[in-house]
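Asks: Okay, sequence plus prediction incoming.
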There are 2 protein chains.
Amino acid sequence: MKLEKITNKSGRRYDDACGTAHGLELIGERWALLVVRELMFGPKRFGDLRAGLPGLSANVLTQRLEGLEAAGIVQRRKLPPPASVQVYGLTPWGLEAEPIISELGRWAARSPKHDPSLPLSAASMMLSFRTMFDAEEAGDASMVLGFRFGEEAFVVTVAEGELTARRGEADDADVVVTATPEQVAAAVYVDQPMPEGSVAGDAAVFARFASVFALPDKAVIE
Amino acid sequence: MKLEKITNKSGRRYDDACGTAHGLELIGERWALLVVRELMFGPKRFGDLRAGLPGLSANVLTQRLEGLEAAGIVQRRKLPPPASVQVYGLTPWGLEAEPIISELGRWAARSPKHDPSLPLSAASMMLSFRTMFDAEEAGDASMVLGFRFGEEAFVVTVAEGELTARRGEADDADVVVTATPEQVAAAVYVDQPMPEGSVAGDAAVFARFASVFALPDKAVIE
DNA sequence: CGGCATCCGGGAAGATACTG
DNA sequence: CAGTATCTTCCCGGATGCCG
């Protein structure tokens, strides 16, 4: 009694002209936006993506990458020899999805149910700097920090009320932090001390840096 | 040989401290963000929600509303007699999700695959005004428009480079439009003429109004 | 090892019918 | 009108295995 259900090419559409609905068709599937998040600081390999997204299985990651590539958000490239490795990177348009991630993160951080003690990827940590930076509080502070999370290194610059964060080694940093993303989050957002020896250089700079971030107040529901 | 899979109360978490990941747990399920969108201009009844979301079945809507209520995003209220009707409305925090919807919509409108000829709800149309308003283009224009989509009526005001849109009857409007959301979208975004008799009042005002919106350029992928 | 196909169990989404 | 009950379909997540 199978009714032939002529599958209309992809049964699960919203059929809605609204841009938001179309956005959900593009990046609304489970894990999709987090894959984009992981690529926000540059291309990554399949395995490195998995490392930043515990719980995401290989077959689902393959599906998401296929979908994102078909949508024009992700591009697979082959690094030139001698690397000759396949990597996945965002297209310029994909890169412009950052405000979505930021707004969603800023809003959700106010949830009473948000648990900041869970694991955190390096990309999340760096993006949260951009999202939670308080230009007012920073004033005219000027500093360069290096962060090293295992293999991944980042440079964060604060100057003229602006914060920039990018992948890369810090050559002229005031302070270099070698730790886990979770430890940095605890120090910056919950004012916990960093482990011994994890902060190399001017510790006062790191303390000042930590002071220019603040989690938003929790939303009051009733 | 079943391995006891101690189901941790809700098998599908992201286990990620990132605010974005938590946001996806709150409003990342299918349809959830669109339900929030439909409530952006005020509380609605169950059936009216369905009307704005064709394709969403009753049982799924029930699940979404339960989830959103548990998360503190939606509140069910009972209107005072003689209405005595149950409605669903956003909490103050839920209302603050609008930037997420806007950013997602603005970004997705640049997708090469976006099809603006699909059906459109009244709430989507009104939100798109807020999202796509070009203050620069508006200059010092000042006008009041009324929109009527079947039962729903809205007032849109442009003044001092700002646009406001809210539910309500337009008493002092320069022009009142009675049409479908799709027809308005075609007129505003694709410069098509409105049907005969759908624009009551100063037609020049509506023309000027339509000129202060523009769809963003399509993203170039390669 | 990285990338991807395949099989399977569980659960969410979708359609329809039914109830107060 | 506002949901609930039920059934089917499909997606997600885990395991395994193939191939470069």
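Replies: Looks like it came in fine.

Asks: what's around the residue of chain A found nearest DNA strand C, how many residues?
Replies: Across chain A, the shortest distance to DNA strand C (CB to the nearest atom of the strand) belongs to residue A:46, at 2.0 Å. Where you see a C-beta, it was placed from the backbone N, CA and C, and this is true even at glycine. The local packing of residue A:46 (other CB atoms under 10 Å in any protein chain shown) involves 16 other residues.

Asks: for residue A:203, same thing?
Replies: 11.

Asks: Next one: the closest residue in space to it that isn't next to it in sequence from residue A:156, what distance?
Replies: Distances taken as CB to CB, 6 or more residues apart in numbering or on different chains place residue A:175 nearest to residue A:203, at 6.9 Å, with adjacent residues excluded. To residue A:156, residue A:175 is 10 Å away according to CB to CB, to the nearest Å.

Asks: Mutual contacts of those two, please.
Replies: Contact with both residue A:175 and residue A:156 is made by residues A:145-146, A:209, according to CB atoms under 8 Å, 6 or more residues apart in numbering or on different chains.

Asks: Let's see which of the residues you listed end up in helices.
Replies: Among these, the residues falling in helices (DSSP state H) are residue A:209.

Asks: Would you agree the residue nearest to residue A:203 is in contact with residue A:205?
Replies: Yes. Counting by CB atoms under 8 Å, residue A:175 touches residue A:205, with 4.7 Å between them.

Asks: any bit of stretch A:75-90 sitting next to DNA strand D?
Replies: No. Against DNA strand D, stretch A:75-90 shows no contacts by CB under 7 Å from any atom of the strand, the least distance being 11.1 Å.

Asks: now do the same end-to-end measure for that stretch.
Replies: Using CA to CA, to the nearest Å, the end-to-end distance of stretch A:75-90 comes to 6 Å.

Asks: Figure out how far it is from the centre of its chain.
Replies: Stretch A:75-90 sits 21 Å away from the centroid of its parent chain (CA atoms, centre = their mean, to the nearest Å).

Asks: for residue A:127, helix, strand, or coil?
Replies: helix (DSSP: H, G, I helix; E, B strand; the rest coil).

Asks: Quick check, pLDDT for it.
Replies: We have a pLDDT of 97 for residue A:127.

Asks: Could you pick out the longest helix of chain A?
Replies: Longest helix in chain A, counting by DSSP H: helix A:58-70.

Asks: average pLDDT across the very next helix or strand once past it?
Replies: For helix A:58-70, the following helix or strand on the C-terminal side (DSSP states H and E) is strand A:74-78. Summarised as a single mean, pLDDT over strand A:74-78 is 90.

Asks: Tell me how far strand A:74-78 lies from the chain's centre.
Replies: Using CA atoms, centre = their mean, the offset of strand A:74-78 from its chain centre is 19 Å.

Asks: is it true that residue A:198 touches residue A:180?
Replies: No. Residue A:198 lies out of contact with residue A:180 (CB under 8 Å); the separation is 9.1 Å.

Asks: Quick check: phi and psi on residue A:56?
Replies: phi -90, psi 120 (degrees, to the nearest 10).

Asks: residue contacts, it?
Replies: Per CB under 8 Å, 6+ apart, neighbours of residue A:56: A:31, A:34-35, A:49-50.

Asks: what do you get if the cut-off is 10 Å, keeping everything else the same?
Replies: A:30-31, A:34-35, A:38, A:49-50, A:64, B:14 (CB atoms under 10 Å, 6 or more residues apart in numbering or on different chains).

Asks: Just put those residues in JSON lines and tack on pLDDT.
Replies: Shown next, in JSON lines, are the contacts of residue A:56 (pLDDT from 0 to 100):
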{"residue": "A:30", "pLDDT": "92"}
{"residue": "A:31", "pLDDT": "95"}
{"residue": "A:34", "pLDDT": "96"}
{"residue": "A:35", "pLDDT": "96"}
{"residue": "A:38", "pLDDT": "96"}
{"residue": "A:49", "pLDDT": "93"}
{"residue": "A:50", "pLDDT": "92"}
{"residue": "A:64", "pLDDT": "94"}
{"residue": "B:14", "pLDDT": "91"}
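
Asks: now the residues you listed: which count as buried?
Replies: Among the contacts of residue A:56, the ones that count as buried by 16 or more other CB atoms under 10 Å in any protein chain shown are A:30-31, A:34-35, A:38, A:49-50, A:64, B:14.

Asks: Now intersect those residues with the strands, please.
Replies: Among those, the subset assigned to strands under DSSP state E is empty.

Asks: Among those, which are located in helices?
Replies: A:34-35, A:38, A:49-50, A:64.

Asks: which among those are in contact with chain B?
Replies: Among those, the residues lying close to chain B (CB under 10 Å from any CB of the partner chain) are residue A:34.

Asks: does residue A:190 really touch residue A:215, like I thought?
Replies: Yes. Counting by CB atoms under 10 Å, residue A:215 is a contact partner of residue A:190 at 8.4 Å.

Asks: between those two, which one's more packed in?
Replies: Between residue A:190 and residue A:215, counted using other CB under 10 Å, the more crowded position is residue A:215 (16 against 11).

Asks: Please enumerate the strands of chain A.
Replies: Under DSSP E, chain A gives strands at A:74-78, A:86-90, A:143-149, A:152-159, A:162-167, A:175-178, A:199-201.

Asks: now those strands as CSV including mean neighbour count?
Replies: CSV is the format used below for those (neighbours: other CB atoms under 10 Å in any protein chain shown):
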stretch, mean neighbour count
strand A:74-78, 15
strand A:86-90, 17
strand A:143-149, 21
strand A:152-159, 19
strand A:162-167, 15
strand A:175-178, 20
strand A:199-201, 17
